[in-house]
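Undergrad: Got a sequence here, can you model it:
(2 chains)
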Amino acid sequence: MTRFLLKTFFFLLPVIIGFGILSRLGVPPMMTNSGFFDHKMQWLQRHPLKDVRLMAAGSSMTAYALNSEMIVEQLHLPYYNFASWSMQIGDTRVVVMDLVRTYHPDYLVICSSPAEFTEADNPTYRNYTATSPFIREHFPGYFYFSDYHSIHQLLLRKYNSSHLGIDEWGRGKALFEMGKKTLHGDDSARADPNVYFSEHASGFEHQYRELDSLCAWLQQERVKLVFAQAPMQAFVGRNGRQWLNAHFDSCRLIVGRYGGVYLNYYDTTLFKDSLFVDPGHLTAAGSDIITKKLVADLKIVIRQ
Amino acid sequence: MLFTTLPFFLFFVAFFILYWFVFAGTIKAQNGLILAGSYFFYGWWDWRFLFLLAGTSLAVYFLGAWLCRTAREGRKNLLLGVGLLISLGGLLYFKYFHSLLPLGLSFYTFKMISYLVDIRKGKTAPAGDVVVFCSYIAFFPCLLAGPIDRPASLIPQLERRREFRYSAGSDGMRQILWGIFKKVVIADNCASFSSDIFAHYASLPASALVYGAFMATIWVYADFSGYSDMAIGMSRLLGFTVSPNFNYPFLATNIAEFWRRWHITLTSWMTDYVFTPLNIFLRDLGKGGLILAVLINFTLIGLWHGPCWTYVFFGLLNGCYFIPMLLRGFRRRRAAGIGRIATFLLVMVSIILFRSVSLDQALGFYRRIFQTSLFSPFFIFEKVNTVVTLVCILGMFVAEWAQRGKPHVLQIDGIRAFPVRALIYFGLMGIILTFAATKNADFIYFRF
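TA: Next up is the predicted model:
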């Protein structure tokens, strides 16, 4: 038996050493299937936050639309933007519950778009948050094995990560560095809103329940939710007005039910199509406008 | 808890330590641990179905004991009937009339049936105690997808003292390594490629469909045989010898030989408990009776997979492949290479049925595959993974051919130099770690 155990150890040892070397070479493990989220979490490990009183969370809308410097300068609150691409409201709920327990913020801002209500939840966020914070902090190598991704995939992610840049408050940079032409050319993003919304009806039902749970939990934890509807290009409202209004009403009702603040920045006269890089994401100029409005509204909320 | 995940690895390491270092004192303690570990493993998936597994196991155990004690033939038949009703009833109900299918049901039901039938025929004695019997049914390496070991093979091993042997342990580890390679590098990658093609078959040229059918065939083989290798290897680590389930089926030179090498424990189970009695019953019909018995047997093999027409026709088509051989006799020989290619193609054609989600999809696939676009180029996503997978498939076949006389490919004790053997193991581990598929898919036979 001893010989067997020693030999097994001899064969397994290089695997452990190999992943140790990968880690040293700066090839991190995949904690979720979102490169952006993982990058942010790894950045936070290297730059731990002391205090967060205002927290932003959600999808790429929140990740790119909020001008961090403007928020920090005008609100004078310790702030961090934890948002990441493609997060559904259910994913945001799972991540927020974890983050609130860690940072105990007073305010949570979600800058939301209907796209966050369309898909099923991403189970990798659940797996990540279910992992003990101790393991996440002290044994990040655990993620090399917990949901195995091949070395080939790790290297692919590592060498395709030039677009993951964030500022010191977590805001994504890459969207503003992309050419507008690339994003405008995406026909799928310009699909008929009526068809798009009706195709994703079941997603909406599920995500409204998730939003409801999130709002109830935040109320219980005494975290003030500020839920802002992000603007969109005019064609969305032109072709899918009924859907959009129903969506706005549902969100307003849910957020209001638990004492949250509901804001709606869907205003096609203020946010002209030229302020977007695609149907939902704002340019740098557009994001400055929405941040100004949000800061003004947040000042009122904080004063109350 | 898939065999290829971290939770199972931790579970198995803990189990192995307890099994050999804490509970090794008595057979009863080891068997108790096997039962507890197996129920824990099964309950991890869905604890509700533990009651079905434990309940039917207990019922079959007591019926078996009663069957053995009873002298009257009529009562024996009655007890056998009740036992079959209990075990088959659960299978039929969940498989054909319920939306949820308990994992491994088809496999452990077959173990229960063979236990009762073998006792009735006097081929085997009932298990000495209830823990032994329940451990035989629930033995976790083989619980979810076989091999379906007969009671006469596994129960005696549970009743005698087991000792760790280095040679068996290291051989088990090698077989597990080969199984992991087949599952995560070949099967999971092939699953992803073939799924894309089957999902979009209506808009793809015939050449892509041939590629998809090829990938699906390799997927089913590598997935199931990979699982079996891991199950057999783990059993060896625990001191058991379980029956082989695959014997390099793609080296078969005709379809009859293929089925003797493919899912061996199911095929031999069906031969013993269905085909042979049926053949005896139909013997007065001559060759017609034999053909009928083969067709019924294979249709039932198809139906065993699930209540879908695709499985029924998959079985029936494989049965039909036997007809020319049954009519002409098995002696006709041709070049082995041609035989192998022809057999592979026949299997590939039937796998289209197996892989399709509906008969409509399968028929549509067949219609499109026999078109002039058979030689049209098509776009392949994930080029690196595709090339790696194709090279690994080639490597697997070459290794299987070279090792065809051995129980598994990594039995390379013939190579005397340890560094060379170590290089092979490390090379294989390197390929696994570097090119494992993105998505760790469930084992295909778990759904049966």
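
Undergrad: Just want to check the distance between the residue nearest to residue B:118 when sequence neighbours are not counted and chain A.
TA: In space, and not counting its chain neighbours, residue B:118 is closest to residue B:124: 4.1 Å by C-beta to C-beta, 6 or more residues apart in numbering or on different chains. (Each C-beta comes from the backbone N, C-alpha and C, glycine too.) Distance of residue B:124 to chain A, computed by C-beta to the nearest C-beta, to the nearest Å: 32 Å.

Undergrad: And the pLDDT for the nearest residue to residue B:271 once chain neighbours are set aside?
TA: Nearest residue to residue B:271 in three dimensions, chain neighbours excluded: residue B:297, at 7.5 Å (C-beta to C-beta, 6+ apart). Note on residue B:297: pLDDT of 94.

Undergrad: so which strand or helix has residue B:297?
TA: Residue B:297 is located in helix B:287-305, with elements delineated by DSSP states H and E.

Undergrad: That helix: how far from the chain's middle?
TA: 19 Å (C-alpha atoms, centre = their mean, to the nearest Å).

Undergrad: Residues contacting it, please?
TA: Here helix B:287-305 makes contact (C-beta atoms under 8 Å, 6 or more residues apart in numbering or on different chains) with B:106, B:266-267, B:270-271, B:274-275, B:278-279, B:281-283, B:285, B:311-316, B:318-320, B:322-323, B:326-327, B:354, B:448.

Undergrad: For PyMOL, write the selection for the buried entries among those.
TA: Entered in PyMOL, the line below selects the buried ones among those, by 16 or more other C-beta atoms under 10 Å in any protein chain shown:
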select buried, chain B and resi 106+266+267+270+274+275+278+279+282+311+312+313+314+315+316+318+319+320+322+354+448
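
Undergrad: So which of the contacts of helix B:287-305 sit within helices?
TA: With DSSP state H as the criterion, helices contain B:106, B:266-267, B:270, B:278-279, B:281, B:311-316, B:318-320, B:322-323, B:326-327, B:354 from among the contacts of helix B:287-305.

Undergrad: Contacts only, for the closest residue to residue A:91 other than its chain neighbours.
TA: Take residue A:91 and drop its neighbours on the chain: the residue closest to it by C-beta to C-beta, 6+ apart is residue A:125, 4.7 Å away. The contact partners of residue A:125, by C-beta under 8 Å, 6+ apart, come to A:32, A:34, A:37, A:87, A:91, A:94, A:95.

Undergrad: Name the SS class of residue A:125, please.
TA: In three-state terms, and counting by DSSP: H, G, I helix; E, B strand; the rest coil, residue A:125 is helix.

Undergrad: if I look at it, how far off is residue A:31?
TA: As judged by C-beta to C-beta, to the nearest Å, residue A:125 and residue A:31 stand 9 Å apart.

Undergrad: got any residues that touch both of the two?
TA: Taking C-beta under 8 Å, 6+ apart as the criterion, residue A:125 and residue A:31 both touch residue A:37.

Undergrad: check contacts around the residue in chain B sticking out farthest from the centre.
TA: For chain B, the residue at maximal distance from the C-alpha centroid (C-alpha atoms, centre = their mean) is residue B:72, at 37.7 Å. Residue B:72 sits next to no residue when contact means C-beta under 8 Å, 6+ apart.

Undergrad: Which residue, other than its chain neighbours, is closest to the residue in the stretch 151-300 of chain A positioned nearest to chain B?
TA: Nearest to chain B in the stretch 151-300 of chain A, going by C-beta to the nearest C-beta, is residue A:151, at a distance of 4.4 Å. In space, and not counting its chain neighbours, residue A:151 is closest to residue B:434: 4.4 Å by C-beta to C-beta, 6+ apart.

Undergrad: Would you confirm that residue A:68 contacts residue A:82?
TA: No: in this structure, residue A:68 is not within contact of residue A:82 by C-beta atoms under 8 Å, at 12.0 Å.

Undergrad: Comparing these two, which shows the higher neighbour count?
TA: Neighbour comparison, residue A:68 and residue A:82: the larger count goes to residue A:82, with 26 against 18 (by other C-beta atoms under 10 Å in any protein chain shown).

Undergrad: now the more buried one: how far from chain B?
TA: 26 Å.

Undergrad: in the sheet, who's paired with the closest residue to residue A:82 other than its chain neighbours?
TA: Once flanking residues are discounted, residue A:82 sits nearest to residue A:57: 4.8 Å by C-beta to C-beta, 6+ apart. Residue A:57 has these beta-bridge partners by DSSP bridges: residue A:110.

Undergrad: For chain B, which residues are neighbours of chain A?
TA: Contacts of chain B with chain A, taken as C-beta under 8 Å from any C-beta of the partner chain, map to B:4-6, B:20, B:164, B:166, B:169-170, B:173, B:184, B:384-385, B:422, B:425-426, B:429, B:433-438, B:440.
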